[in-house]
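# make a model of this:
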Amino acid sequence: MRHLIDDERSLRLWIVGAICLSGALFLLALRGLIPDLLSIVVANTGMVAGFVFIYLGNRSHSDLKPAGSWQWGLVVATAVLFLYFTYVQPNLSARIIVFAVVMSIARMASAVVLLRSRNAHDRIVRWVLAAAFAFTACFSMFRAVLTAVMDPIAQNFLQLTHPIHTWTFAVELGMNLMLAFCLPVLLLGKTHNRLAQSEQRYHSLYASMTEGLALHELVRDASGRPAGGLCLHRRQPGLRIHSRAAQG
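Residues are numbered from 1 along each chain as shown. Sure, this is the predicted structure:
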């Protein structure tokens, strides 16, 4: 089973996504202690990149063809716009809108991919995770629209008091918990399915063999020297061949 897990490309993509998200959250926690380039630009771009890798992992898990390069355009656009609205024309509202829209696109893409998968063995888990992606995508878009029509806000993110920003933390926490639960379940389910298919192919090959096959166990005496053999299993074709050879 280990080699099946090691060969699973979706696992590697999900791990890279988790690393990007963890690093981004760490940089966000250091806001005010490190340069804005790291705590704002790199951190938010890293979060977008993390969900892009998760999206690519979802595509790989669903056995879909590789996507184009549009998702990397989201990452580059996030970095460029955050640089502009941080240094050229500082605007926290604009940064919130950019981040919310980009995350909404990335998450809705993951929801669509999970729903398009034809794997029946993990359908319920996929649908639950797709619903979580779709909900957070709609919430992010709602946050973007609400921020756009609100009065201009202060430039310090930590001073935001509107409930939508407080709810955002709860939604993000719920999404991360859902990923932590569902992604391993999807991986184990697919690995178990591949293992069952491999075992079925082995049994089909074994059952269709025309050659005789017998499994023996070596029996040793008290001193450890070979003293005989014990037949553990012998296929019926092998028994017939052996019988005809003995009769001849």
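# what is the burial count for Val88?
For Val88, the count of nearby residues is 8 (other CB atoms under 10 Å). From N, CA and C alone the C-beta is placed, and that goes for glycine too.
# just the pLDDT for it.
Here the pLDDT value assigned to Val88 is 94.
# so where do the helices sit in this structure?
With DSSP state H, the ranges of helices along the chain come out as 2-6, 9-29, 36, 43-61, 70-83, 92-116, 123-149, 163-207, 236-247.
# comparing those helices, which comes out most buried?
Comparing the helices of the chain on average neighbours per residue, with mean count of other CB atoms under 10 Å, the densest one is helix 43-61 at a mean of 24.
# how big is the angle separating it from helix 92-116?
10 degrees (axes from the mean of the first three to the mean of the last three CA atoms, to 10 degrees).
# adjust the sequence numbering to begin at 19 for everything that follows.
Got it, the first residue is 19 from now on, which makes the last one we talked about helix 61-79.
# for helix 61-79, name the packing helices and strands.
Under the contact criterion of 3 or more CB pairs under 8 Å, 6 or more residues apart in numbering; DSSP states H and E, helix 61-79 touches helix 27-47, helix 88-101, helix 110-134, helix 181-225.
# of the helices of the chain, which is nearest Gly247?
Ranking the helices of the chain by proximity to Gly247 (CB to CB) places helix 254-265 first, at 14.3 Å.
# returning to what we had before: can you put the helices of the chain in a markdown table and add distance to Ser241?
Shown next, in a markdown table, are those (distance: least, CB to CB, whole Å):
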| stretch | distance to Ser241 |
| --- | --- |
| helix 20-24 | 38 |
| helix 27-47 | 50 |
| helix 54 | 79 |
| helix 61-79 | 56 |
| helix 88-101 | 68 |
| helix 110-134 | 63 |
| helix 141-167 | 57 |
| helix 181-225 | 36 |
| helix 254-265 | 31 |
